[in-house]
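Novice: What follows is a predicted structure for the sequence shown.
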Amino acid sequence: MLDKHGLAPRRAFGQNFVVDANTVHKIARLADVGSGDFVLEIGAGLGSLTLALAATGANVVAVEIDNGLVEVLRANTKDLASVEVIHADAMQLDWQPLLAKSKHWHVVANLPYNVATIIVADLLDGIAEVKHMLVMVQSEVADRLVARAGAEAYGAVSVKVDYWASSKIVGQVPPSVFFPQPRVDSALVEIRRRDKPGVEGVVAKELFALVRSGFAKRRKMLRRALDTIATHEDFVKADVNPESRAEQIDLAAWGRLRHAIDTRLSGAATATRDSAAPSALGAPTDENTASH
């Protein structure tokens, strides 16, 4: 089909097409979607997975950035009323109007390798309507998305996913099912958004900023990596060992540390305001001011 339309995979877009029918049907089956469900597919390519998803009876919004591919995708799905093709860059899309049809969306996609982590993180952070994802990514990325404290793959994105959702690897995918064949294995990751965040009482943005700071110097102990952010008293209050490294700290501990820091900062801000406010006894009256 690529040859017929004078097209070729583009490395800049991280394109590796699934060319094995069993694999796309397996993904559609694992997605567990059907009539009445709304599915967002990112990086739809020529439409092999799109067609398998449409066959379940689900409503599919297929997003594709490539100018040439999107025309073929439209031709391949033109007879399917349940499929809407969007020609756009998923990294730049305003998702809210696009997803207005439902408050419960599934993301099912063979994500472009070069932006997979960013897309997953952005959807979790900003699109509450996305309740469930089944994404195919590089095995290395899959390990990071599902890792827990102490694992070699555990990092800032692992904490973010754990904050918003539960996650697990539900299948392995060999290079042989792709064209062109990548030099790495792939995996299917299932992500289900929690009814409420994994820790409460902190602002997500501030929590993630703390986590990124910790992992930015992951070889250092936290008391050094966070020396401009957290005090010894913060670590004590949070019951977090300051000599631990970032990969040893689970989501709950990161949440306690963020809360301890916020409590200290809030107290300091209150004290500053109180000290700056004039007392009733010493405040100048209009008469005193006028007399001078």
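Specialist: Received the coordinates, thanks.
Novice: mind listing what the nearest residue to Asn241 once chain neighbours are set aside touches?
Specialist: Sequence neighbours aside, Phe235 is the residue nearest to Asn241 in space, at 7.3 Å (criterion: Cβ to Cβ, 6 or more residues apart in numbering). No exception for glycine: its C-beta is placed from N, CA and C like everyone else's. Phe235 makes contacts with Leu222, Arg223, Asn241, Pro242, Leu257, Ala260, as judged by Cβ atoms under 8 Å, 6 or more residues apart in numbering.
Novice: same question, Ile27
Specialist: Leu49, Ala52, Val108, Asn110, Leu134, Met136, Leu188.
Novice: give me every residue that touches the second one.
Specialist: Spelled out, it's Ala52. Residues counted as contacts of Ala52 (Cβ under 8 Å, 6+ apart) are Val24, His25, Ile27, Ala28.
Novice: Quick check: phi and psi at it.
Specialist: The main-chain torsion angles of Ala52 are listed as degrees, to the nearest 10 and equal phi -70, psi -40.
Novice: For the protein, which element, helix or strand, carries the lowest mean pLDDT?
Specialist: helix 286-291 (a mean of 40; mean pLDDT, DSSP states H and E).
Novice: how many other residues sit next to the closest residue to Leu7 other than its chain neighbours?
Specialist: Of all residues beyond its chain neighbours, the one nearest Leu7 is Gly68 (4.7 Å), with distances taken as Cβ to Cβ, 6+ apart. When neighbours are defined as other Cβ atoms under 10 Å, Gly68 has 14 of them.
Novice: sorry, back to before: reformat the contacts of Ile27 as JSON lines; add pLDDT.
Specialist: Formatted as JSON lines, the entries for these read as follows, by pLDDT from 0 to 100:
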{"residue": "Leu49", "pLDDT": "96"}
{"residue": "Ala52", "pLDDT": "97"}
{"residue": "Val108", "pLDDT": "98"}
{"residue": "Asn110", "pLDDT": "94"}
{"residue": "Leu134", "pLDDT": "98"}
{"residue": "Met136", "pLDDT": "96"}
{"residue": "Leu188", "pLDDT": "98"}
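Novice: Can you flag which of these belong to helices?
Specialist: Secondary structure of the contacts of Ile27 is defined by DSSP state H; positions in helices are Leu49, Ala52.
Novice: so which pair among the contacts of Ile27 is furthest apart in space?
Specialist: Using Cβ to Cβ, the pair of these lying farthest apart is Ala52 and Leu188, separated by 13.7 Å.
Novice: Buried ones in stretch 203-211, by neighbour count?
Specialist: The neighbour-count criterion (16 or more other Cβ atoms under 10 Å) identifies Leu207, Phe208, Leu210, Val211 as the buried residues of stretch 203-211.
Novice: My guess is the third one contacts Leu257. True?
Specialist: This means Leu210. Yes - Leu210 sits in contact with Leu257 when judged by Cβ atoms under 8 Å, with a separation of 6.8 Å.
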